[in-house]
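predicted model and sequence below, questions to follow.
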Amino acid sequence: MDKYGVFGNPIKHSLSPTIHTQFAKQTGINISYDKILAPINEFSSSARQFINQGAKGFNVTVPFKLDAFKLATKLTTNAQTAGAVNTIKVDGQTLIGENTDGIGLVNDLVKNLNINLKDKVILILGAGGATRGILLPLLKQRPKRIMIANRTTSKAINLAKDFSSHGKTCGFGLEKVKHEPVDIIINATSASLDGKMPDIANGVANGSICYDLMYGTQTPFMNWAQKNNAKMVVNGLGMLVEQAAAAFEFWTGKQPGTQKVIANLRS
Ligand code: ATR
């Protein structure tokens with residue numbers, strides 16, 4: 001039996017074991033998948049212990065994605081650009097760090113929701129780790145422009161500069177968001193965790209696709225989008241399953257089907 005798991009703190013409510021168990025069944029691979037609660041300052045020792053027990057790989061969630069980046073001895077381009085790791089593959093003595101968050105988002109948008117990102121105008125709210133993690137895979141879809149709007153303007157400007165060689169990006173403060181609609185708005189802030197909605201012009205949502213990276217609840221961003229006539233309002237459940245599928249494939253070389261798993265979780 002191949003040993004996998006997910007590290008986080010908290011981790012109790014993680015859906016990853018349910019998702020990976022379904023992938024394993026589908027692809028006929030015999031795996032165990034544990035939830036591991038690592039103490040805040042002890043990610044590295046917990047991970048090493050898991051590896052010594054014969055683990056073939058593991059996922060990493062909040063707040064350990066930067067620790068996992070440091071633990072990895074080799075990084076994929078995605079992980080390098082994202083500056084964070086959510087998936088580690090154990091390959092002998094080598095720990096390969098990957099980041100599947102952005103691929104997960106793109107696959108949900110393109111494959112599951114049938115949204116072509118080419119030539120679209122995308123507005124991302126927030127300029128933290130979550131935004132950094134999704135920028136490269138989004139830019140690879142060749143949108144017309146990605147605008148990053150953040151409460152702290154300088155962070156948006158710096159992030160846009162960091163990625164400007166990969167496509168057209170610009171950064172500004174939330175107050176500069178215009179009432180003009182865009183094609184897609186992605187909420188990558190952590191505001192929902194505090195029950196808040198970033199303070200932006202309502203008109204931007206009119207007729208746009210509004211995607212919240214968070215899943216599980218109807219977030220304040222989703223309520224705002226509905227109230228302001230968004231064309232489509234989506235939470236991050238599909239992204240969660242797709243990032244897991246990309247991790248599963250990274251470990252096993254087998255690509256699991258995601259549609260049924262998403263439908264199961266939604267119901
Ligand atoms: P993550 O890794 O989830 O991206 P982070 O790096 O702490 O977490 O970033 C959180 C993001 O949410 C930041 O862009 C933050 O804005 P600031 O850079 O100005 O701090 C944004 N954010 C959090 N609460 C917010 C709120 N109430 N309104 C607007 N933006 C908010």
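That came through fine. Residues are numbered from 1 along each chain as shown.

what residues does the stretch 1-150 of the chain have near the ligand?
Neighbours of the ligand within the stretch 1-150 of the chain, by CB under 6 Å from any ligand atom: 126-130, 150. Quick note: C-beta positions are derived from backbone N, CA and C, even for glycine.

which parts of the stretch 151-267 of the chain sit against the ligand?
Residues of the stretch 151-267 of the chain lying near the ligand (CB under 6 Å from any ligand atom): 151-152, 155, 189-191, 194, 196, 198.

at 5 Å instead, please
151-152, 155, 189-191, 196, 198 (CB under 5 Å from any ligand atom).

now a PyMOL select for only the buried ones of those residues.
Selecting only the buried entries of those in PyMOL, with 16 or more other CB atoms under 10 Å as the criterion:
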select buried, resi 151+155+189+191+198
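
now, the most widely separated pair of the residues of the stretch 151-267 of the chain next to the ligand?
155 and 196 (17.6 Å; CB to CB).

quick one: contacts for residue 251?
For residue 251, the contact set (CB atoms under 8 Å, 6 or more residues apart in numbering) comprises 4, 56-57, 87, 89.

quick one: pLDDT of the residue sitting nearest the centre point of the chain?
Compute the mean C-alpha point of the chain, and by CA atoms, centre = their mean the closest residue is residue 101, 3.2 Å away. For residue 101, the pLDDT comes out at 97.

now do the contacts for it.
So residue 101 contacts 82, 86, 130, 133-134, 239, 243 (CB under 8 Å, 6+ apart).

for stretch 232-252, list the C-alpha coordinates in PDB.
Once non-C-alpha atoms are left out, stretch 232-252 reads as follows in PDB (Å, rounded to 0.1, in the frame of the first residue of the first chain):
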ATOM      1  CA  MET A 232     -21.800  33.300 -12.800                       C
ATOM      2  CA  VAL A 233     -20.800  32.900  -9.200                       C
ATOM      3  CA  VAL A 234     -18.500  30.000  -8.200                       C
ATOM      4  CA  ASN A 235     -16.700  28.800  -5.100                       C
ATOM      5  CA  GLY A 236     -13.300  27.000  -5.000                       C
ATOM      6  CA  LEU A 237     -14.600  23.400  -4.600                       C
ATOM      7  CA  GLY A 238     -13.800  22.500  -8.200                       C
ATOM      8  CA  MET A 239     -10.300  24.000  -7.800                       C
ATOM      9  CA  LEU A 240      -9.800  22.000  -4.600                       C
ATOM     10  CA  VAL A 241     -10.500  18.700  -6.400                       C
ATOM     11  CA  GLU A 242      -8.500  19.700  -9.500                       C
ATOM     12  CA  GLN A 243      -5.400  20.700  -7.500                       C
ATOM     13  CA  ALA A 244      -5.700  17.300  -5.800                       C
ATOM     14  CA  ALA A 245      -6.000  15.500  -9.200                       C
ATOM     15  CA  ALA A 246      -2.900  17.300 -10.400                       C
ATOM     16  CA  ALA A 247      -1.000  16.200  -7.200                       C
ATOM     17  CA  PHE A 248      -2.300  12.600  -7.600                       C
ATOM     18  CA  GLU A 249      -1.000  12.600 -11.200                       C
ATOM     19  CA  PHE A 250       2.300  14.100 -10.100                       C
ATOM     20  CA  TRP A 251       2.800  11.200  -7.600                       C
ATOM     21  CA  THR A 252       1.400   8.200  -9.500                       C
END
